[in-house]
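Undergrad: With the sequence up front, the predicted model follows.
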Amino acid sequence: MNSTVPSADQPKQSTRSARITRTTGETSVDVHVDLDGTEKIIDIATGVGFYDHMLHQLGKHGGFDLKIKVDGDLHIDAHHTMEDTAIALGQAFAEALGDKAGVVRFADASVPLDEVLARAVVDLSGRPYMVHEEPIDIAPMINTDYPTSMTRHVLESFAHHAKICLHVSVLRACNPGQKPDAHHVIEAQFKALARALKAATRIDGEDIPSTKGVL
């Protein structure tokens, strides 16, 4: 007789996942995130090459399964595409976290990338806040489609909609006498964010980690 009851040895399907679709007159965004992913399902297509690379870092180093598909008005510029992606990604994280019972909540990570050192500090507080520090003298563009000024806006949009407190700082940007490498400066920030999120979202108990009883 065949049984439909799953074996106790079979892994449980993650419940900390969410899918968000966001459609405006400027973009169509589809985001799926699984906080307890396998680190093997990462599929990013925003139409902005360097942004795809950064979001891939977030999934890979955060240990999340991450699927993002965006159709945006890139004939204008990358702003709407990058902003709306960050909004939807933040909403997906917030939904996937649920009531946050058992999460570590607080975490920080420092990541070097050659001459650059970046740090991210995360509190899954439920209260959006963002502090961002990076050098002002980095190149204005990476390739032809990634405005480096958008990094701050992407992180702000993500933090606001994920309902987290986030501090990201570039502690060291270049060797003495040299100019910052924009690629390294930005990539180190995304990797640090990924590692901090990985640690903060880890399950380490059952209670909600707040004296308020809610996050």
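TA: Ah, there it is.
Undergrad: Which strand or helix spans the residue nearest the centre of the chain?
TA: The residue lying closest to the centre of the chain (CA atoms, centre = their mean) is L58, at 5.2 Å. Element membership of L58, judged by DSSP states H and E, is helix 49-62.
Undergrad: Give me the distance from that helix to the chain's centre.
TA: On the basis of CA atoms, centre = their mean, to the nearest Å, helix 49-62 sits 8 Å off its chain's mean C-alpha point.
Undergrad: same check, this time on stretch 20-31
TA: That offset, for stretch 20-31, works out to 17 Å (CA atoms, centre = their mean).
Undergrad: quick revisit: return the helix holding L58 as CSV; C-alpha atoms alone will do.
TA: Presented in CSV, the C-alpha positions along helix 49-62 are these (Å, rounded to 0.1, in the frame of the first residue of the first chain):
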residue,chain,number,x,y,z
GLY,A,49,24.1,44.2,-15.9
PHE,A,50,26.0,45.4,-12.9
TYR,A,51,22.8,45.5,-10.8
ASP,A,52,22.2,41.9,-11.7
HIS,A,53,25.7,41.1,-10.5
MET,A,54,25.1,42.9,-7.1
LEU,A,55,21.8,41.1,-6.6
HIS,A,56,23.5,37.8,-7.3
GLN,A,57,26.0,38.6,-4.6
LEU,A,58,23.1,39.2,-2.2
GLY,A,59,21.6,35.8,-2.9
LYS,A,60,24.8,33.9,-3.0
HIS,A,61,26.5,35.3,0.1
GLY,A,62,23.2,35.6,2.0
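Undergrad: I'd like the average pLDDT over that helix.
TA: Regarding helix 49-62, the rounded mean pLDDT is 98.
Undergrad: same question, stretch 178-191
TA: Stretch 178-191 comes out at a mean pLDDT of 97.
Undergrad: can you pull the buried residues of that stretch?
TA: Within stretch 178-191, the residues that qualify as buried are 180-191, counting by 16 or more other CB atoms under 10 Å. For every residue, glycine as well, the C-beta is placed using N, CA and C.
Undergrad: And the residues you listed, which is closest to D114?
TA: H184 (5.7 Å; CB to CB).
Undergrad: quick check: angle from whichever strand or helix holds that closest one to helix 49-62?
TA: H184 belongs to helix 182-200 when assigned by DSSP H and E. Per axes from the mean of the first three to the mean of the last three CA atoms, to 10 degrees, the angle that helix 182-200 makes with helix 49-62 is 30 degrees.
Undergrad: other SSEs contacting helix 182-200?
TA: Applying 3 or more CB pairs under 8 Å, 6 or more residues apart in numbering; DSSP states H and E, we find helix 182-200 packed against helix 49-62, strand 106-113, strand 116-123, strand 141-142, helix 150-162, strand 165-172.
Undergrad: what do you get if the cut-off is 7 Å, keeping everything else the same?
TA: Applying 3 or more CB pairs under 7 Å, 6 or more residues apart in numbering; DSSP states H and E, one finds that helix 182-200 contacts helix 49-62, strand 106-113, strand 116-123, strand 165-172.
Undergrad: Report the angle between it and helix 150-162.
TA: Using the same axes, to 10 degrees: helix 182-200 against helix 150-162 is 20 degrees.
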